[in-house]
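J.: predicted coordinates and the sequence they were generated for:
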There are 2 protein chains.
Amino acid sequence: MQKTSLITSLYQTGCIQLGEFLLKNGSTSSVYINLRKIISYPDVLRAVASAMWEKMHGQPFELLCGVPYTALPIATCFSLQQNIPMIMRRKEKKEYGMKQSIEGEFEAGQICLVIEDIITSGSSILETARDLQQAGLQIHDVIALIDRQEGGKQNLSQHFRTHTLLTLTEILQTLLTSHLLDTKEQKLIETFLAEKVAV
Amino acid sequence: MQKTSLITSLYQTGCIQLGEFLLKNGSTSSVYINLRKIISYPDVLRAVASAMWEKMHGQPFELLCGVPYTALPIATCFSLQQNIPMIMRRKEKKEYGMKQSIEGEFEAGQICLVIEDIITSGSSILETARDLQQAGLQIHDVIALIDRQEGGKQNLSQHFRTHTLLTLTEILQTLLTSHLLDTKEQKLIETFLAEKVAV
């Protein structure tokens, strides 16, 4: 799928929203990215996983691990499309049965691709990768659908080859020229991009 | 996929194990079912989702919801195979952004199929279904891969049409005649089945 049609789909399905949104850190943003909605659109989920495969094709990896929770359906789709085994990191360990914080079959030394929906600070990926490495796995590559361009990709690049399909700027610039937005939304993006450059 | 080959796959992939296992309630069991391992075998995941579809085909539903967490990859696979939108129930609400305990697009009145890996008491399904119903969704059917035959299916059947693909007895009897087991495993199953009947 072309970048433009992927961006259009993400906007039309409400995975990318423009307005006024309260962020985790208390500040507000005119762009809200909620990739959890992707589970309502199997065709978009498939397109994202295929685009990730195209980007990663040729890189060596034997396993996949999605960062909990939003990236799990993306990783599952990637695994099903390419017949590559998946593992999952559990955030909390079980209190009964066989205790382990990584679910699924693996052997120490195997190479695992880490899959994420969006990179902001990169901390969720680092946390997942650290657990996988502690279990003896090798992490050479991580891939995310969106780079929010807040420094996370640079942080991660010190540790792994860090691949992303779309940047926030690219998404907003594409939407600006798409004729999908109303005047208010266009203005929000223009202000957002101008402030981004100013920083 | 035939029941026998599905059971064989579940045993060979270690999703069904025989031995001595500590259960949640402190007692021990000679059968341990860990369907989390299914994520390592995309072909088995696909076979389970296809078998569920065959069983459910013709029933009316517009949405799917997997019970967290083990059934989520099964529900994702079902959604991708049949192009049916999925929703997800979050166990904890987010503290920021748009608060909601059900992720994905839905409208009140829509019919949602609930998907589970294994029914023991049925309480996880009831909890998920209650949340979905509170959000205005209709639950007519639930489907699980395995009925552990501990009364859960009867409990659930008071509320929904409750479908299961395999019973524990069926699994164990199939394994007994499969020539896959060593003598110790055969003995474990025979004792398990005899005690089950005695109860």
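T.: Received the coordinates, thanks.

J.: near chain B, anything from whichever strand or helix holds A:Val31?
T.: A:Val31 belongs to strand A:28-33 when elements are defined using DSSP states H and E. Yes: applying Cβ under 8 Å from any Cβ of the partner chain, one finds strand A:28-33 in contact with chain B at A:Tyr32. Quick note: C-beta positions are derived from backbone N, CA and C, even for glycine.

J.: that strand pairs with which strands?
T.: Applying DSSP bridges, strand A:28-33 is found paired with strand A:16-22 (antiparallel).

J.: could you say what helices and strands the helix or strand containing A:Val48 packs with?
T.: Using DSSP H and E, A:Val48 falls within helix A:42-56. Contacts defined by 3 or more Cβ pairs under 8 Å, 6 or more residues apart in numbering or on different chains; DSSP states H and E place helix A:42-56 against helix A:3-12, helix A:71-82, strand A:141-147, strand A:161-167, helix B:71-82.

J.: give me the number of residues near the spatially closest residue to A:Gly14 that is not a sequence neighbour?
T.: Among residues not flanking A:Gly14 along the chain, A:Lys37 sits closest, at 5.4 Å (Cβ to Cβ, 6 or more residues apart in numbering or on different chains). A:Lys37 sits with 21 neighbouring residues when counted by other Cβ atoms under 10 Å in any protein chain shown.

J.: from memory A:Lys37 sits against A:Gln12, does it?
T.: No: A:Lys37 is beyond contact range of A:Gln12, at 10.8 Å (criterion: Cβ atoms under 8 Å).

J.: how about the most centrally placed residue in chain A, phi and psi?
T.: Residue closest to the mean C-alpha point of chain A, counted by Cα atoms, centre = their mean, is A:Asp117 at 1.6 Å. The phi/psi pair for A:Asp117 (degrees, to the nearest 10) reads phi -80, psi -50.

J.: pLDDT at it, what is it?
T.: pLDDT for A:Asp117: 98.

J.: residue contacts, it?
T.: A:35, A:38, A:67, A:70-71, A:74, A:144-146 (Cβ atoms under 8 Å, 6 or more residues apart in numbering or on different chains).

J.: switch to 7 Å and redo it
T.: Counting by Cβ atoms under 7 Å, 6 or more residues apart in numbering or on different chains, A:Asp117 touches A:35, A:70-71, A:74, A:144-146.

J.: turn the residues you listed into a markdown table, columns for distance to chain B.
T.: As requested, the contacts of A:Asp117 are exported to a markdown table (distance: Cβ to the nearest Cβ, whole Å):
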| residue | distance to chain B |
| --- | --- |
| A:Leu35 | 10 |
| A:Thr70 | 9 |
| A:Ala71 | 12 |
| A:Ile74 | 9 |
| A:Ala144 | 18 |
| A:Leu145 | 16 |
| A:Ile146 | 15 |
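
J.: list the contacts of A:Thr120.
T.: Each residue near A:Thr120 by Cβ under 7 Å, 6+ apart is listed here: A:148, A:150, A:152.

J.: SS state for the second one?
T.: For A:Glu150, the reduced secondary structure class is coil; criterion used: DSSP: H, G, I helix; E, B strand; the rest coil.

J.: excluding sequence neighbours, find me the nearest residue to it.
T.: A:Thr120 is the one closest to A:Glu150 (Cβ to Cβ, 6+ apart), at 5.3 Å.

J.: where's the one you found relative to A:Leu165, distance?
T.: Distance, A:Thr120 to A:Leu165, using Cβ to Cβ, to the nearest Å: 15 Å.

J.: got it, and A:Ala49?
T.: Separation of A:Ala49 from A:Leu165 (Cβ to Cβ): 11 Å.

J.: neighbour-wise, which of those two wins?
T.: The residue with more neighbours, out of A:Ala49 and A:Leu165, is A:Ala49; 23 against 19, by other Cβ under 10 Å.

J.: wait, isn't that one in contact with A:Cys77?
T.: Yes: A:Ala49 lies in contact with A:Cys77 (Cβ atoms under 7 Å); the separation is 4.0 Å.

J.: so who does A:Gln81 touch?
T.: The contact partners of A:Gln81, taken as Cβ under 7 Å, 6+ apart, are A:49-50, A:53.

J.: looking at this, A:Gln186 is in a strand?
T.: No: if the criterion is three-state DSSP, then A:Gln186 is helix and not within a strand.

J.: neighbours of the closest residue to it other than its chain neighbours, just the number please.
T.: Among residues not flanking A:Gln186 along the chain, A:Leu176 sits closest, at 6.4 Å (Cβ to Cβ, 6+ apart). Residue neighbour count, defined by other Cβ under 10 Å, stands at 15 for A:Leu176.

J.: from chain B, how far off is A:Leu176?
T.: Distance of A:Leu176 to chain B, given as Cβ to the nearest Cβ, to the nearest Å: 24 Å.

J.: thinking that residue is in contact with A:Ile189, fair?
T.: Yes: when contacts are counted by Cβ under 7 Å, A:Leu176 is listed as touching A:Ile189 (5.5 Å).

J.: buried residues in the worst-scoring helix or strand of chain A on mean pLDDT, which are they?
T.: Ranking every helix and strand in chain A by mean pLDDT, DSSP states H and E puts helix A:183-198 at the bottom, with a mean of 89. Along helix A:183-198, these residues count as buried under the neighbour rule (16 or more other Cβ atoms under 10 Å in any protein chain shown): A:185, A:188-189, A:192.

J.: can you put those in CSV and add distance to A:His140?
T.: Converted to CSV, the buried residues of helix A:183-198 look like this (distance: Cβ to Cβ, whole Å):
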residue, distance to A:His140
A:Glu185, 39
A:Leu188, 38
A:Ile189, 35
A:Phe192, 34
